[in-house]
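S.K.: Provide a 3D model corresponding to the input given below.
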Amino acid sequence: MRAELALALALLAGGGTAAAAEPPRLELELKASGLRVGDPLPLTVRARGGEDLAWGGLEVAAGPEGPWAVVEGPRELAGARPPAWELVVAPLAVGELELPAIAATVREPGGAVREVAAAAAPPVTVASVLPEGEEAKPLPLRDPIGVGGFPWEWVLPLAVPVLGLAAGLAWWRRRRRGADGGTAGAPEAPPLAELERLLEALERRLGREPGDAICDRLAAGLRRYLARGTGEPAEDMTSFELRLLARRLGWPERVQRGIQEAMGVADRTRFGRAAADEAGLRRAIASARDSAREIDRLLAAAAAAEEAAG
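M.R.: Numbering: from 1, shown residues only. Model (predicted):
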């Protein structure tokens with residue numbers, strides 16, 4: 001009897017050890033029926049693999065050039081252990097689409113850090129926004145109507161709106177140069193000063209300029225600042241690549257989150273067809289400013305340390 005009891009306890013201990021040694025993984029949960037271009041697709045990502053692992057943030061490889069845009073998140077679910085995240089993506093193309101790559105970092109008890117990618121989900125079928133069975137075809141061109149001689153009678157009626165449009169365009173360009181601080185022709189400002197001047201101009205334009213236009217200038221300004229400050233080709237990087245750059249350079253988590261928040265609002269507004277309210281734009285501008293100031297301090301400290309060592 002004692003031998004059987006000892007054997008049972010040994011089997012239980014062995015099973016517990018195997019469960020604890022289960023390799024970490026990410027599981028995807030989604031329902032993607034009747035999906036059309038631009039429709040939101042909620043995703044739930046759950047970490048598996050033991051309670052003693054330290055999980056980092058979730059990364060989604062959905063850049064502006066890809067067929068998916070991140071509309072919301074990723075947002076970690078409160079109280080979930082191991083952690084779980086919720087996010088919303090939207091398809092930007094039709095057909096059988098592979099979901100964007102999703103990964104997270106995990107630190108094991110020994111201190112080793114590695115990246116865990118979510119298992120590939122089946123392709124998602126995305127339909128067109130056109131009614132089923134219809135195809136979008138261009139209308140046939142009509143034959144040109146011939147005229148005899150130069151139509152002088154149209155010169156004066158057409159000249160008036162054209163001249164008015166030209167005058168309005170010149171006035172708008174002067175106003176825009178003024179809103180940007182009148183920097184045309186001036187010596188190039190330091191990277192942080194240039195970005196802060198742009199952000200101040202964007203704050204003044206909130207409520208008077210379309211949200212997607214503000215997001216375009218915000219994203220371009222932040223990329224230019226990162227390119228000038230680090231020497232990396234940040235102006236050609238996607239938002240996901242910018243997050244990888246911040247991680248590779250060892251910037252604090254708050255800086256990485258600030259860049260992600262600013263670029264996330266810009267991407268959702270420009271590519272995800274999400275409404276950009278003034279409060280959200282103002283928070284994105286503030287995140288870009290705070291992150292840039294912190295980065296500037298880090299770069300200055302690194303430069304001073306390098307000069308002292310040299």
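
S.K.: What residues does the nearest residue to Q256 once chain neighbours are set aside make contact with?
M.R.: Spatial nearest neighbour of Q256, excluding adjacent residues (CB to CB, 6 or more residues apart in numbering): A246 at 4.6 Å. Heads up, the C-betas are built off the backbone N, CA and C, glycines and all. Residues near A246 by CB atoms under 8 Å, 6 or more residues apart in numbering: 255-256, 259.

S.K.: Before we move on, what's the pLDDT of P233?
M.R.: For P233, the pLDDT comes out at 92.

S.K.: ok, now how distant is it from A193?
M.R.: Distance, P233 to A193, by CB to CB, to the nearest Å: 22 Å.

S.K.: do A300 as well
M.R.: 13 Å.

S.K.: Check L299 too.
M.R.: L299 is 14 Å from A193, by CB to CB.

S.K.: if I look at P23, how far off is G110?
M.R.: From P23 to G110 the distance is 14 Å (CB to CB).

S.K.: Then R268?
M.R.: For R268, the distance to G110 - CB to CB - is 38 Å.

S.K.: mean confidence score for stretch 106-120?
M.R.: For stretch 106-120, mean pLDDT is 77.

S.K.: whoops, stretch 250-260 was the one
M.R.: Mean predicted confidence for stretch 250-260 is 90.

S.K.: Touching it from outside, list them.
M.R.: Here stretch 250-260 has contacts from 57, 222, 239, 242-243, 246-247, 287-288, 290-291, 294-295, 298, using CB under 8 Å, 6+ apart.

S.K.: got the buried residues for it?
M.R.: Judged by neighbour count (16 or more other CB atoms under 10 Å), stretch 250-260 contains these buried residues: 251, 255-260.

S.K.: Going by distance to L99, which of those residues wins?
M.R.: Q260 (19.6 Å; CB to CB).

S.K.: Which secondary structure state does that closest one sit in?
M.R.: helix (DSSP: H, G, I helix; E, B strand; the rest coil).

S.K.: Number of residues surrounding C215?
M.R.: 24 (other CB atoms under 10 Å).

S.K.: Once you drop chain neighbours, what's closest to it?
M.R.: Closest to C215 by CB to CB, 6+ apart is A266, at 4.0 Å.

S.K.: Tell me which stretches of the stretch 51-200 of the chain form helices.
M.R.: 155-179, 191-205 (DSSP state H, counting those that start in this stretch).

S.K.: where among the ones you listed is the average confidence lowest?
M.R.: helix 155-179 - the lowest mean pLDDT of the helices of the stretch 51-200 of the chain, at a mean of 66.

S.K.: Give me the distance between A117 and A61.
M.R.: For A117 relative to A61 (CB to CB), the value is 10 Å.

S.K.: Pick out whichever of these two has more residues nearby.
M.R.: For A117 versus A61, the count of surrounding residues by other CB under 10 Å is larger for A61: 18 against 13.

S.K.: phi, psi of the residue nearest to that one when sequence neighbours are not counted?
M.R.: Excluding the flanking residues, the one nearest A61 by CB to CB, 6+ apart is A101, at 4.2 Å. For A101, the backbone dihedrals (degrees, to the nearest 10) come out as phi -60, psi 140.

S.K.: Of the contacts of stretch 250-260, which is the most crowded?
M.R.: L222 leads the contacts of stretch 250-260 on contacts (other CB under 10 Å) with 29 neighbours.

S.K.: wouldn't that residue be in contact with M263 here?
M.R.: Yes. Using CB atoms under 8 Å, L222 is in contact with M263, at 6.9 Å.

S.K.: What's the biggest helix in this protein, counting residues?
M.R.: helix 278-309 (DSSP state H).
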